[in-house]
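[1] Quick check, what structure comes out for this input:
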Amino acid sequence: MTDFEAIDALLARARQETPLPPAGERRPLREALNVSRAQLAQALGVGASTIGGWESGRDPSGEVREKYAYFLNAARTKSDTAAPADTEPAPDPAEEPAKADGPADPDDLDDIDDDLAVPQPCVLCGHPAHHQVEGFPQHLAPADCGPAQPVPAVEPTPEPEPEPEQKLAGRTDARPAPAPPDRPVRQAGRSVKVVPVGRRMQTADTPDLIASAVTAVLAETAGDAEAATAALVKRAIPDAMALLDQTRRGGRYDVIAHPWLPDVLRKQTAHGADRIWEARPKWSRPQLPAGVHEVTALDINGAYLSALKTHLPLGQLEHTTGDHHDRRRAGIHLITPPSWDHDQVLPNPIGNRDEPGPLWVTEPTLRLLLRISSPKYALCEPPVIHESWTSGATEGLLEKFRITLKDARDRAIADGDDVTLEYVKAMYSKFVSTMGESNYNRELYRTDWMHLIRSQAFANLWWKAHRAYDEGLMVVRAMGTDELHVTGEWRAVFPEGRSVAEVKVKDVYTVGTTTESEGAGNA
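    Prediction:
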């Protein structure tokens, strides 16, 4: 076979991927048919979060790509047949748009948590806002924020029907520019309906997935607590993902569940690790004062549960260089850490590291270093940032998920319900540990999130050590995410209990001798 024949044979075997509509059209096409992400995910054999990733810009491959393209093309054909793009359907008087509080982004209209019957001051600017996001009154667009105005005490009335010709045209980007306040926002040739104030479905009837699962499994095991606990722990990962999907309904942000990741976040060998340094502490005070000291080993409750509140990148990580930190973004950073001169009394914020030079750290570690190097603390020099992989971020992405788990944990402790307590603990710990390169969780592939949440737990422990030191306690040891050993009246610093805001005693022991030389080796 000649070279040209070989090339022809290669071209004949080559298979061109099925084209997909642009990312900005995928969600409107699905919603035009009133098909939910969960319904489409079930039909395609993927997770609902995967559909969200495709609608945010990630492209599927292989056979599922063909199925997804088939659905989108059929949805486009059906939508075009039902309502041509140049013809506006007659509005239903019962669904006439109400006046929104300023222009809204069409991608966010379904992400509003609730509508307010009576406007309340925006938490950002104090201006009256008709909507609340995750429980806080807010405007939906930054341009709406302005000087505070008197809040009207009456129910807002619907605006007149807008004229058909008043629609956006000639835009090719996925996100259209905001329309004037008295006109509907339109995208892809169709009107996006704004639900009038007071007509939104409330979430008070949201099912309690945790209690339902525990009740069902206890019934299946005839009330055998040990067997029920084992069964619930076994299903903790899929149940945690189902709970995440439930708590993300109405969320303000879309999340890419399976983004492309840079090489530094990939395992260097099959059984090795990636290049991210999580700053796990393993520190003991090198020298104790002379005398015998009573040490209390404190157990930090729900360390990983608390660490779910951290700045998480929403989309695919983007590369930047230079010594600059953007607090609106989060990710991983290559830094040269500062020297640490306080190892006699406090652990190093980057943990135990013997090798000098630059290393890849996470957002929580970098923010910790930047904070303690500020004039307020002045504990070290600022780190030097060489390059970063970041994306736009939010600290509240998993907040509803975290609060739901925390509330279930608190109820279980109050009721003496060890079955639910172990189930909840398995849900959040396995959720964190399997969102990276794991065969147990195919719904979410965010190795960057796994590192960030773990590092946040380590940073939280460091701050507790610093608080103990700042309040006059002697810090003796800090280990992992949840172990802090101190001497002194620790109850004046940390509340004792089993909630995530409290600590409990793990052990009490004595160290040291009456001579300074002998006491030095008993840390």
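[2] And the helices in the protein, which stretches?
    Across the chain, reading from the start of the chain, the helices by DSSP state H fall at 3-13, 23-32, 37-44, 48-55, 63-82, 209-220, 225-234, 236-248, 303-307, 363-372, 399-415, 418-433, 447-470, 516-519.
[3] Could you dump the ones you listed into TSV with mean pLDDT added?
    Putting these into TSV (pLDDT from 0 to 100) gives the following:
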stretch	mean pLDDT
helix 3-13	68
helix 23-32	88
helix 37-44	85
helix 48-55	80
helix 63-82	84
helix 209-220	95
helix 225-234	96
helix 236-248	93
helix 303-307	95
helix 363-372	97
helix 399-415	95
helix 418-433	95
helix 447-470	96
helix 516-519	47
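[4] Adding mean neighbour count and distance to Glu483, write those helices out as JSON lines.
    All C-beta atoms are positioned from the backbone trio N, CA, C, and that covers glycine. Below are those laid out as JSON lines (neighbours: other Cβ atoms under 10 Å; distance: least, Cβ to Cβ, whole Å):
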{"stretch": "helix 3-13", "mean neighbour count": "9", "distance to Glu483": "58"}
{"stretch": "helix 23-32", "mean neighbour count": "19", "distance to Glu483": "45"}
{"stretch": "helix 37-44", "mean neighbour count": "16", "distance to Glu483": "41"}
{"stretch": "helix 48-55", "mean neighbour count": "23", "distance to Glu483": "34"}
{"stretch": "helix 63-82", "mean neighbour count": "15", "distance to Glu483": "45"}
{"stretch": "helix 209-220", "mean neighbour count": "16", "distance to Glu483": "27"}
{"stretch": "helix 225-234", "mean neighbour count": "17", "distance to Glu483": "23"}
{"stretch": "helix 236-248", "mean neighbour count": "20", "distance to Glu483": "23"}
{"stretch": "helix 303-307", "mean neighbour count": "22", "distance to Glu483": "9"}
{"stretch": "helix 363-372", "mean neighbour count": "22", "distance to Glu483": "18"}
{"stretch": "helix 399-415", "mean neighbour count": "18", "distance to Glu483": "19"}
{"stretch": "helix 418-433", "mean neighbour count": "21", "distance to Glu483": "16"}
{"stretch": "helix 447-470", "mean neighbour count": "23", "distance to Glu483": "8"}
{"stretch": "helix 516-519", "mean neighbour count": "13", "distance to Glu483": "22"}
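[5] For Ala290, find the nearest of the ones you listed.
    Relative to Ala290, the nearest member of the helices of the chain by Cβ to Cβ is helix 516-519, separated by 3.9 Å.
[6] ok, back up a step: nearest approach to Ala501 belongs to which of the helices of the chain?
    Distances from Ala501 to each of the helices of the chain were compared by Cβ to Cβ, and the smallest falls on helix 303-307, at 8.5 Å.
[7] which outside residues touch that closest one?
    Among residues not part of helix 303-307, those counted as contacts by Cβ atoms under 8 Å, 6 or more residues apart in numbering are 402, 405-406, 409, 428-429, 432, 453-454, 456-457, 460-461, 481-482, 500.
[8] ok, longest strand in this protein?
    Ranked by number of residues, the top strand in the chain under DSSP state E is strand 384-394.
[9] Taking helix 447-470 as reference, get the angle to that strand.
    If you take axes from the mean of the first three to the mean of the last three Cα atoms, to 10 degrees, strand 384-394 sits at 110 degrees to helix 447-470.
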